[in-house]
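pasting the structure only:
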Ligand code: SDX
């Protein structure tokens with residue numbers, strides 16, 4: 001029996017269908033609201049609004065659950081690789097060994113970038129932020145592959161092509177910004193090992209691939225791979241809804257991710273911890289500032305729109321960082337500071353009452369520091385991880401028969417009608 005929600009407006013009743021997701025989530029389908037009632041809804045920040053139906057990622061913010069295509073992220077971080085998890089997100093199933101080998105070979109075959117792109121990279125001002133470079137260069141990819149039309153037959157190649165090239169472009173942005181020689185991808189290295197080699201290999205000091213770092217980087221990128229309809233994924237879907245090519249849609253997602261409230265938080269956390277460490281500010285004072293409505297300071301890496309408990313990714317990240325540090329006998333005062341800060345915050349009524357816990361960005365920076373990724377590359381690392389998610393969500397949207405161009409409405413609060421006044425008659 002279909003379920004309905006009834007809305008009563010000015011004495012008239014309207015019924016709207018209730019839809020139930022595969023995990024029992026309930027939603028009211030208001031697609032006919034304006035047509036039936038003349039009313040729209042208002043939901044600033046879309047905290048209560050579903051933009052689509054999706055079968056890619058499931059999150060339960062109250063229980064701290066995150067699954068990609070039904071598989072818990074804890075199991076993927078433990079047993080999978082970033083390439084295999086990317087295949088899972090893109091294709092909706094785990095690959096057979098043969099399918100995974102073919103996919104890995106394709107990613108390696110497509111990992112070089114057009115030589116002319118180096119001219120673009122070299123002409124960015126030296127102080128350019130790598131996220132600004134990368135979002136521009138991802139958009140520019142379309143110009144380097146003019147043979148690509150937007151028909152489906154190209155999309156099956158465009159998706160792995162972008163996945164293959166993003167780490168080459170990220171490493172190029174880093175090398176060129178430092179005036180170093182660009183290192184090319186090697187066919188004998190896995191996805192993550194290739195990225196590390198392109199970042200750190202140099203003619204004076206050849207890079208030794210460390211299997212520990214490769215395993216940890218796989219887990220790091222798996223934890224970032226998708227997160228349903230977050231800000232940057234929504235940007236990819238909204239821009240993609242105009243039927244623009246994949247590169248332009250992903251470039252918009254990268255721009256959205258850059259913000260310190262979103263993926264830029266991983267860089268902001270380390271900058272915050274550095275400031276506290278250097279200034280010697282007492283943690284109680286830091287917490288007081290974070291609670292003070294008159295102070296723009298927020299505890300970066302804390303809080304989440306969906307998770308009202310510990311972000312499951314932050315839990316895994318913290319354990320991964322602890323294991324990595326213990327195994328390599330590393331010390332980092334910022335990691336110790338982060339743990340102390342978490343402890344103080346999680347015993348404070350303000351944080352407890354608002355369900356503010358560490359999110360994925362709180363500990364991720366301490367791992368990236370430990371593997372020598374420069375701070376201004378942290379959000380680039382998030383973007384590489386999130387790319388398979390963006391691509392899968394974009395593909396799902398263009399394949400969705402119900403999908404149409406995104407065009408929200410508004411409640412107008414400006415001046416009512418007034419006449420134009422000639423300039424000499426104005427006061
Ligand atoms: C990511 O959406 C996703 O899934 C994103 C992401 C992904 O994988 O794609 O998970 C990645 O972006 C993680 C979030 C990274 N950002 C940060 O760590 C920045 C710090 N966090 C906050 O800015 C904030 O928590 C947000 C932006 C993450 C969430 O903001 P919301 O959902 O709009 O929550 P809110 O601002 O309405 O906060 C509710 C209350 C407010 O206080 P009151 O008005 O109730 O008194 O909590 C307070 C906020 O002031 N609050 C904080 C806080 N976060 C929320 N107070 C101090 N420090 C914080 N970090």
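Thanks, I have the structure now. Computed from a predicted structure; not experimentally measured. Residues are numbered from 1 along each chain as shown.

CA only for contacts and neighbour counts going forward, please
Will do.

quick one: is stretch 36-46 near the ligand?
No: applying CA under 6 Å from any ligand atom, one finds stretch 36-46 separated from the ligand by no less than 7.3 Å.

ok, and the spatially closest residue to residue 58 that is not a sequence neighbour, which helix or strand is that part of?
Distances taken as CA to CA, 6 or more residues apart in numbering put residue 67 closest to residue 58, at 5.2 Å, once the chain neighbours are dropped. Using DSSP states H and E, residue 67 maps to strand 65-68.

I'd like the next helix or strand past that strand.
Heading C-terminal from strand 65-68 (DSSP H and E), you reach strand 71-72.

what is the mean pLDDT for the helix or strand just after that next one?
Using DSSP H and E, the helix or strand that directly follows strand 71-72 along the chain is helix 73-79. The average pLDDT for helix 73-79 rounds to 98.

how close does residue 405 get to the ligand?
Here the criterion is CA to the nearest ligand atom, to the nearest Å. By it, residue 405 lies 22 Å from the ligand.

Double-check that residue against residue 242; I have them as touching.
Yes: contact criterion CA atoms under 8 Å: residue 405 and residue 242 qualify, at 5.5 Å.

and the chain, which residues reach the ligand?
So the chain meets the ligand at 227, 230-231, 261-263, 265, 290-291, 298-305, 354, 359 (CA under 6 Å from any ligand atom).

can you rerun that using 5 Å?
Residues of the chain found near the ligand, taking CA under 5 Å from any ligand atom as the criterion, are 230, 261-263, 265, 290, 298-305.

With secondary structure and pLDDT added, can I get those in JSON lines?
Output for the residues of the chain next to the ligand, formatted as JSON lines (DSSP: H, G, I helix; E, B strand; the rest coil; pLDDT from 0 to 100):
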{"residue": "230", "secondary structure": "coil", "pLDDT": "98"}
{"residue": "261", "secondary structure": "coil", "pLDDT": "96"}
{"residue": "262", "secondary structure": "coil", "pLDDT": "97"}
{"residue": "263", "secondary structure": "coil", "pLDDT": "96"}
{"residue": "265", "secondary structure": "helix", "pLDDT": "97"}
{"residue": "290", "secondary structure": "helix", "pLDDT": "97"}
{"residue": "298", "secondary structure": "coil", "pLDDT": "96"}
{"residue": "299", "secondary structure": "coil", "pLDDT": "97"}
{"residue": "300", "secondary structure": "coil", "pLDDT": "97"}
{"residue": "301", "secondary structure": "coil", "pLDDT": "97"}
{"residue": "302", "secondary structure": "strand", "pLDDT": "97"}
{"residue": "303", "secondary structure": "coil", "pLDDT": "97"}
{"residue": "304", "secondary structure": "coil", "pLDDT": "97"}
{"residue": "305", "secondary structure": "coil", "pLDDT": "97"}
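
Quick check: the farthest pair among these?
By the measure CA to CA, 230 and 290 form the most distant pair in these, at 23.5 Å.

Fine by me, we can end here.
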